[in-house]
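> predicted structure and sequence below. I'll ask about it afterward.
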Amino acid sequence: MLESRLKVGVDVPWVTSWSAEAVLGFGPCATVDGRLAVLQRDQPGFGKPQYSLNHHRRQRASVRAMLCPQCGEAAPAGDRLTLTGKVTTAGALRRRQLGFAVPGHIEDDRVVINAGAIAPGHRACLTRAQALCPHLSADADLDLRPFPSTYYISPLQIAAQPHTGAPVLPVITFLQLCGITDRTDRRWRRASTADI
């Protein structure tokens, strides 16, 4: 398969899966400390970009190491923003059966940013992505905001059976990310989201 003229991390987000990157099954993976996870061939830039699909290993690496999903480089605390993360409360996530994303000791009225499976990135990278990506530029609900320094990572899992008769095992697909602010719902409603 030929290498694309599109550049990974420039024209195509680093976490995007490419058509040459077949899913290989599951096994131990360093991105989740050796736990069982979906494994995928690693050939970014070969074939066609699959913009709607994250590469399993790169997505987990981006969340665990706070790597910008656009360029793949570390997003330091001073330049770590989210474009697609949704501001909500811990209680609202729990009511939507997404309580696994926040620990039980976080009070229900705590303002959180549900980033889903998308790690925060650099301001320059996210601004460029919003300008170039048709999906992002068409979404009026997007708001570039700082990502909290306190966050929780939860594995998203499937049940897999290695072979007939073997026990069903939990296998990690992606990692879910939720930022925890120091604000409660009452205080947040009086403040700008830029203060998060």
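Happy to help now that I have it.
> now the helices for this structure?
56-65, 90-95, 123-132, 134-138, 185-188 (DSSP state H).
> in CSV, list the ones you listed along with mean neighbour count, distance to residue 148 and mean pLDDT.
For every residue, glycine as well, the C-beta is placed using N, CA and C. CSV is the format used below for these (neighbours: other Cβ atoms under 10 Å; distance: least, Cβ to Cβ, whole Å; pLDDT from 0 to 100):
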stretch, mean neighbour count, distance to residue 148, mean pLDDT
helix 56-65, 23, 14, 98
helix 90-95, 18, 12, 92
helix 123-132, 16, 16, 91
helix 134-138, 11, 22, 76
helix 185-188, 14, 12, 63
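> residue 109 is nearest to which of those?
Counting by Cβ to Cβ, residue 109 lies closest to helix 185-188 out of the helices of the chain; the figure is 4.3 Å.
> re earlier: closest one to residue 151 among the helices of the chain?
Closest approach to residue 151 among these is made by helix 56-65 (9.1 Å; Cβ to Cβ).
> check contacts around the closest residue to residue 32 other than its chain neighbours.
Distance criterion Cβ to Cβ, 6 or more residues apart in numbering; nearest residue to residue 32, sequence neighbours excluded, is residue 172 at 5.2 Å. For residue 172, the contacting residues are 29, 32, 35, 36, 37, 38, 60, 155, 156, 157, by Cβ atoms under 8 Å, 6 or more residues apart in numbering.
> show the pLDDT at residue 172.
Here, the pLDDT recorded for residue 172 equals 96.
> equivalent analysis for residue 196, please.
pLDDT, residue 196: 51.
> and if you look at residue 142?
On the pLDDT scale, residue 142 gets 81.
> over to the one 5 residues further on?
According to the prediction, residue 147 has pLDDT 96.
> ok, it - contacts?
Residues near residue 147 by Cβ under 8 Å, 6+ apart: 80, 81, 82, 85, 113, 115, 120, 179.
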